[in-house]
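Peer 1: Generate a structure from the sequence data that follows.
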Amino acid sequence: MTRPTPDEFAPFYQTYVGALPEDADVLQVLAQQHKQTLSLISTLDEDRALFRYAPAKWSIKQVIGHMIDTERVLSYRAMCFARCEAAALPGMDENDFVRFAHFDDRPLASLQDEQDHLRSANLAMFRSFSEEVLQRRGTASDCEFTVRALIWITAGHERHHLNVLQERYFSHPGFQTNP
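Peer 2: Predicted coordinates:
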């Protein structure tokens, strides 16, 4: 599946599409991320998963929950557009989603389980799409997307947040000294 062109998604999403190499096998990237994210979650305990690198920032559990919610929204959009949904789909307010999800109150294992099942299901769906389906378009958040672009955005979004976790959370001195 080739990289989407800029006319297949809103400019805001270039950060995520651009996070992957030009010649990436996006389905392979998604499969590798699946293992990487599950492995990362398994290294945490409940206390460390509540770590925030600054007071107003999300906890690690909230970042993981945000990754799950965003993948669910993006994959729903991909499915709708693959099935030729003509209605425009709504946007999402990531801060409201995190605020009302109460991820910090959930056991870390439940987030890990949800991420595992969601990614497995999405990989099965994405692999079923033909080239024709990947080119189908729809509107979400007042922007036009192709199915292919949404798959690339899904992978790039997760890569972005895995990098954020590595750079801002796991390397933070407060995380290193947190028992």
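Peer 1: do you know how far the nearest residue to Ser141 once chain neighbours are set aside is from Val147?
Peer 2: If you skip the residues right next to it in sequence, Ser141 has Gly91 as its closest partner in space, 3.6 Å away by CB to CB, 6 or more residues apart in numbering. The C-beta positions use only the backbone N, C-alpha and C, and glycine is treated the same way. Distance, Gly91 to Val147, using CB to CB, to the nearest Å: 18 Å.
Peer 1: With neighbour numbers in mind, choose between the two.
Peer 2: Val147 (25 against 11; other CB atoms under 10 Å).
Peer 1: Now for Gln115: which residues touch it?
Peer 2: By CB atoms under 8 Å, 6 or more residues apart in numbering, the contact set of Gln115 is 37-38, 41, 64, 67-68.
Peer 1: Just the closest of those residues to Leu108, please.
Peer 2: Ile41 (6.5 Å; CB to CB).
Peer 1: How many residues are close by that closest one?
Peer 2: Ile41, neighbours per other CB under 10 Å, totals 19.
Peer 1: CA atoms of the host helix or strand of it as PDB?
Peer 2: Under the criterion of DSSP states H and E, Ile41 resides in helix 26-42. This file holds the C-alpha atoms of helix 26-42, laid out as PDB (Å, rounded to 0.1, in the frame of the first residue of the first chain):
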ATOM      1  CA  VAL A  26       2.100   0.200   6.500                       C
ATOM      2  CA  LEU A  27       0.500  -3.100   7.400                       C
ATOM      3  CA  GLN A  28       3.800  -4.400   8.600                       C
ATOM      4  CA  VAL A  29       4.400  -1.200  10.600                       C
ATOM      5  CA  LEU A  30       1.000  -1.700  12.200                       C
ATOM      6  CA  ALA A  31       1.800  -5.300  13.000                       C
ATOM      7  CA  GLN A  32       5.200  -4.400  14.500                       C
ATOM      8  CA  GLN A  33       3.600  -1.500  16.500                       C
ATOM      9  CA  HIS A  34       1.100  -4.000  17.900                       C
ATOM     10  CA  LYS A  35       3.900  -6.100  19.500                       C
ATOM     11  CA  GLN A  36       5.900  -3.000  20.500                       C
ATOM     12  CA  THR A  37       2.900  -1.300  22.300                       C
ATOM     13  CA  LEU A  38       1.800  -4.500  24.100                       C
ATOM     14  CA  SER A  39       5.400  -5.000  25.200                       C
ATOM     15  CA  LEU A  40       5.700  -1.500  26.400                       C
ATOM     16  CA  ILE A  41       2.500  -1.700  28.400                       C
ATOM     17  CA  SER A  42       3.700  -5.000  30.000                       C
END
